[in-house]
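Novice: Here's a sequence, model it:
(chains A and B)
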Amino acid sequence: MTALKMNRRRLLAAASAGVGLAFAGRVAAQSNGPANKLVVVIARGAMDGLSVTVPHADPNYVPLRGGLAIAAPGEANGALALSEGFGLHPALSGLHALYGQGQMRFAPAVALPVRIRSHFDAQDVLENGGEGLRQQSDGWLNRAIVAAGGTSLKGLSIGAQTPLILRGDAPVSSWAPGGLVRDGDRIASLLQDLYVEDPMLGQNLARGLATEQLVGMEGGDQRLRRNDVQGLGQAVAKLMTGPEGADIVAVSLDGWDTHAGQRAQLQTRLTGLDQLVTGLKNGLGETWSRTAVIVATEFGRTARANGTQGTDHGTGSSFLLAGGAVKRGGPIGDWPTLADNRLFENRDLAPTLDIRSVFKGVLRDHMGLDRAALDARVFPGSAAEAPAMDGLI
Amino acid sequence: MASSPTDTAVAVSRLGLGARPGEIDRVAADPRGWAIGQIRPLGAPQPSGQFADTAERVAQYIDYQSDAGLVRRDRRAAAPATADAAPAPAPGMPDAADPQAVARREARQAARRDITQDTAQEFLARAQLGATTDDGFAERWALFWSNALTVSAAKFASGAFVGQYEREAIRPHVFGRFEDLVLAAEQHPAMLLYLDQARSVGPDSLAGARRNAGLNENLAREMMELHTVGADGGYTQGDVTELARALTGWSVPAARDQRQPARPQRARRMAAPTEPGPDGFVFRANVHEPGTRTVMGKAYPAAGLAQGQAILRDLARHPATAKRLSRRLAAHFVADDPSPALVARLETAWTGSGGDLAQVARALIDAPETWTPQPAKIKTPYEFIVSAHRALGTRPPRVQPLRQALLDMGQPPFSPPSPEGWPDLAADWAGPDALVKRLNWSRTAADAAQAADPSAVAASALGARLSERTRLAVARAESRPEALTLLFMSPEFQRR
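Specialist: Next comes the predicted model:
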């Protein structure tokens, strides 16, 4: 605990001074050159894959989605063309540019090894890397650091607390940019729903938050402006460069639980995601060529739109992989189609790929972990079910 | 009396500090009995930990004062002769090239720091007791009386004794007679130093005639206005002055007592035949104003320490005291503007029992108004944080984040802004910025929480008070931290 705290303090000091990071107890840099970099972005709340990697060529897409369907490439507000009948959400222009340079891959239908529709439980499995619920108490990203040699890779989480994915035996750091990753608008609106019969609390909180926003907007150089996700990406990049920079980073983005008003919400969330990746790329400079960025979520959303212009908890979703280290290529995994008889439980996109396979492929080919460690320690019990995917890096 | 699940939920939140996991199930069989069972002659539970008692702290404080006196002397020596009226040099300023003076200044700073840190640990221990105790009602009852008879660490001298004050003067007496509680409180160094009684001198006393010193009315006034009968209790300025005269001689041990050991012993001998004070109290006969005192129409013949004690007991037994504190109790536990019927019940129990606080507590528990399902009170920041820890089954591990959170929310540890104590109305605690601070704290606490199932936390913390709206919001939240944040910020968690 003490070591963690110290690391965090040093990080904060280093971050504010704009210099490289100092880590206690760190071994010398790897002899075979600087380590590759891995960023894992967790989209919490269940990202709607069918709006991210849009299957515009699937004949059932528009009938199922109705007003929520993203238009095909070439149409007004249409998706940005990918290969094999897919398109990228129009808010993801930065990622699409990377795709054009062969630096972005996508898996259209991934899922966890277990079928659960609880955010809490599914995020646990996504982060602890187990075959099912509560089988691991630490996170797979931390076990990957241990498997890679314990202290040679430096882990960092963005946010005040270390998320499960990075908790474990390897000491890691955390850094929080003044609450920016938090989605203040979402919690404020959820609370206003709770306060409908308590106007005193509702009005006072709304007033307080309005003031807070004013203060945040006026913050000087020391503070990131609210919603400046690109600035966040650049700040994180700064923490990853230099001889003491972090090698493995976990970032959480909230606000993907789009039960109602999905179009507008996703526009905002995906714009933020795109800016985060763009900020990372710009901030990392030449280090970008040694970087892979994973975007993963706990599960997808229903194939059909619900009655409130949104979607409910589903199963299969999209997985994105970006970075200078990524190998050019088409979709990862098969497309199950949205035909009625192919939907999982007649409601969700059916997964064709265990998400652990992509994690393992990246850890093996990008971070240099060997197969035995991946199968036995990082993702126990995954050898047969989820072999490491080839050809991603 | 038959009780419902709502009664159970009301008991643990309105009379207690919120439910810990499983507590509602244990209380459900008999929520009134749960509260009544905590009324014990020995008083409220004590925080655990090794802390200086009042006598030990008096010794430490005397050491500190001696150091401080020497430092002041050093400064005077170093200051130019013409600068008598100028303020003392700023702390840390090299006031002398004399290395001994520097050492003395450092010793003084170290002593002050030690005492402040001890007080912080006392506060943490109290918060940990609040977060873990099974006797939530007794703890709330003790906190009420500590606040009704406020001392404040906003002043260093009283802050040095605030932990001892709560443990030794308040907690043992909260289920006894009010007059014994108030007597213990007024004679404790924390109060005597907070309200300047220790330096009040009778003008016609032996010392007063010699030293040209005089009365300080601060404690006498607050005794009447805040601790007993209240501003409309029927006393005049003349009564305040008379009480102040009677209280002269009520003091705390000082360094000079050690140099002249005969003096305090003589003082103690004088006090002994009447009513000996507790540890840390000294009656200085040589500063006591001689003569008969008349307070609110009653004459009190000269009797040394016993004279002030007799007046204080009469003030404690006065009907206006019962009326005022009954209303304050009802306003604290039940509603900002409590029903007159509830106040009347408490007042009847008070006067009928001669101010037996056990009977008053019983009347509060028995009153139907106490059990109205709709919560009317906003939790204070301290109650809020403690109840969130209880909901999670945790306790605050370190004092610094706790101190910072309470500072942000407007209730710094042990430091009420005035002798009136902490305010007690929704408007005082639920302003716009305070709610933003509660939200920020909730998010941090929710992030750090290891709770596997927020819905289970909501159910075990709020029981039947959990609304369908909040239950659904917690269940539908997109992450555990979001779920717990919504729970902590829900109206039924913010209120009690």
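Novice: what are the ranges of the strands in the stretch 201-350 of chain B?
Specialist: For the stretch 201-350 of chain B, the strands defined by DSSP state E, counting those that start in this stretch occupy B:250-251, B:282-283, B:293-295, B:298-300.
Novice: Next, format the ones you listed as JSON lines and append mean neighbour count.
Specialist: C-betas here are computed from N, CA, C, even on glycine. JSON lines is the format used below for those (neighbours: other Cβ atoms under 10 Å in any protein chain shown):
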{"stretch": "strand B:250-251", "mean neighbour count": "26"}
{"stretch": "strand B:282-283", "mean neighbour count": "24"}
{"stretch": "strand B:293-295", "mean neighbour count": "21"}
{"stretch": "strand B:298-300", "mean neighbour count": "13"}
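Novice: neighbouring contacts of stretch B:113-120?
Specialist: B:51-52, B:57, B:60-61, B:64, B:153, B:156, B:159-160, B:162-163, B:399, B:403, B:413-414 (Cβ atoms under 8 Å, 6 or more residues apart in numbering or on different chains).
Novice: Just the C-alphas of that stretch, formatted as PDB.
Specialist: C-alpha atoms of stretch B:113-120 as PDB (Å, rounded to 0.1, in the frame of the first residue of the first chain):
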ATOM      1  CA  ARG B 113       2.100  19.200  17.300                       C
ATOM      2  CA  ASP B 114       1.900  16.100  19.500                       C
ATOM      3  CA  ILE B 115      -1.200  17.300  21.200                       C
ATOM      4  CA  THR B 116      -2.900  18.100  17.900                       C
ATOM      5  CA  GLN B 117      -2.000  14.700  16.500                       C
ATOM      6  CA  ASP B 118      -3.400  13.000  19.600                       C
ATOM      7  CA  THR B 119      -6.600  14.900  19.100                       C
ATOM      8  CA  ALA B 120      -6.800  13.800  15.500                       C
END
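Novice: which element follows the lowest-mean-pLDDT helix or strand in chain A toward the C-terminus?
Specialist: Least confident helix or strand, chain A: helix A:2-17 with a mean of 34, by mean pLDDT, DSSP states H and E. Next helix or strand after helix A:2-17 toward the C-terminus (DSSP states H and E): strand A:37-43.
Novice: From the contact counts, what lies against that next one?
Specialist: helix A:119-128, helix A:229-240, strand A:248-253, helix A:262-284, strand A:291-297, helix A:355-367 (3 or more Cβ pairs under 8 Å, 6 or more residues apart in numbering or on different chains; DSSP states H and E).
Novice: List the contacts of the residue in the stretch 301-450 of chain B positioned nearest to chain A.
Specialist: Here the residue of the stretch 301-450 of chain B nearest chain A is residue B:432; by Cβ to the nearest Cβ that distance is 3.3 Å. By Cβ under 8 Å, 6+ apart, the contact set of residue B:432 is A:204-208, A:211.
Novice: how near is it to residue A:187?
Specialist: Per Cβ to Cβ, to the nearest Å, residue B:432 is found 16 Å from residue A:187.
Novice: Could I get the buried residue list for the longest helix anywhere in chain B?
Specialist: Scanning chain B for the longest helix, with DSSP state H as the assignment, gives helix B:99-132. Buried residues in helix B:99-132, counted by 16 or more other Cβ atoms under 10 Å in any protein chain shown: B:101, B:104-105, B:107-109, B:111-112, B:115, B:118-132.
Novice: Tell me the pLDDT of the residue most central in space within chain A.
Specialist: Nearest residue to the geometric centre of chain A (Cα atoms, centre = their mean): residue A:41, 2.3 Å. pLDDT recorded at residue A:41 is 96.
Novice: again, but for residue A:213
Specialist: The model's pLDDT for residue A:213 equals 66.
Novice: again, but for residue A:152
Specialist: So residue A:152 comes in at 81 (pLDDT).
Novice: Is it within a helix or a strand, and which one?
Specialist: Short version, using DSSP H and E: residue A:152 is in no helix or strand.
Novice: how far away is it from chain B?
Specialist: 28 Å (Cβ to the nearest Cβ, to the nearest Å).
Novice: Could you give the number of residues near residue B:56?
Specialist: 13 (other Cβ atoms under 10 Å in any protein chain shown).
Novice: Tell me the residue of the stretch 151-300 of chain B that sits nearest chain A?
Specialist: residue B:154 (25.5 Å).
Novice: Give me the nearest residue to that residue, chain neighbours excluded.
Specialist: Leaving aside its sequence neighbours, residue B:154 sits nearest to residue B:415 (Cβ to Cβ, 6 or more residues apart in numbering or on different chains; 4.5 Å).
Novice: Please parse the chain into its domains.
Specialist: Defaulting to chain A. Split into domains by automatic domain parsing, chain A comes to A:2-12+A:35-180+A:230-378, A:183-223.
Novice: let's do chain B instead
Specialist: Domains of chain B are assigned by automatic domain parsing as B:54-189, B:195-317, B:381-494.
Novice: Let me have the ones you listed in JSON lines, adding mean pLDDT as columns.
Specialist: Converted to JSON lines, those look like this (pLDDT from 0 to 100):
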{"stretch": "domain B:54-189", "mean pLDDT": "87"}
{"stretch": "domain B:195-317", "mean pLDDT": "84"}
{"stretch": "domain B:381-494", "mean pLDDT": "93"}
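Novice: need those domains in CSV with distance to residue A:304, can you?
Specialist: As requested, the domains of chain B are exported to CSV (distance: least, Cβ to Cβ, whole Å):
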stretch, distance to residue A:304
domain B:54-189, 47
domain B:195-317, 66
domain B:381-494, 19
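Novice: where in the stretch 101-250 of chain A is pLDDT low?
Specialist: Applying pLDDT under 70 to the stretch 101-250 of chain A flags residues A:150-151, A:160-161, A:176-184, A:212-227.
Novice: that older thread, so the residue nearest to the centre of chain A bridges to which residues?
Specialist: Under DSSP bridges, the beta-bridge partners of residue A:41 are residue A:251, residue A:295.
Novice: export the strands of the stretch 201-350 of chain B to TSV and tack on distance to residue B:437?
Specialist: Shown next, in TSV, are the strands of the stretch 201-350 of chain B (distance: least, Cβ to Cβ, whole Å):
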stretch	distance to residue B:437
strand B:250-251	40
strand B:282-283	43
strand B:293-295	45
strand B:298-300	49
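Novice: Let's have the ones you listed in a markdown table, adding distance to chain A.
Specialist: Converted to a markdown table, those look like this (distance: least, Cβ to the nearest Cβ, whole Å):
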| stretch | distance to chain A |
| --- | --- |
| strand B:250-251 | 44 |
| strand B:282-283 | 45 |
| strand B:293-295 | 43 |
| strand B:298-300 | 46 |
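Novice: So for residue B:138, which of these sits nearest?
Specialist: Proximity to residue B:138, assessed across the strands of the stretch 201-350 of chain B by Cβ to Cβ, is greatest for strand B:250-251 (29.5 Å).
Novice: how about the residues of the stretch 351-496 of chain B that lie near chain A?
Specialist: Taking Cβ under 8 Å from any Cβ of the partner chain as the criterion, the neighbours of chain A within the stretch 351-496 of chain B are B:426, B:430-436, B:439-440, B:443-444, B:447-448, B:452-454, B:469-470, B:473, B:476-480, B:482-483, B:485-486, B:489-491, B:494-495.
Novice: Among those, the buried ones, what's the PyMOL command?
Specialist: Remark: buried members of these, expressed as a PyMOL selection using 16+ other Cβ under 10 Å:
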select buried, chain B and resi 426+430+431+432+433+434+435+436+439+440+443+444+447+448+453+454+469+470+473+476+477+478+479+480+482+483+485+486+489+490+491+494+495
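Novice: mind checking how far the residue nearest to residue B:436 when sequence neighbours are not counted is from residue A:36?
Specialist: Leaving aside its sequence neighbours, residue B:436 sits nearest to residue A:208 (Cβ to Cβ, 6+ apart; 3.8 Å). Per Cβ to Cβ, residue A:208 is found 44 Å from residue A:36.
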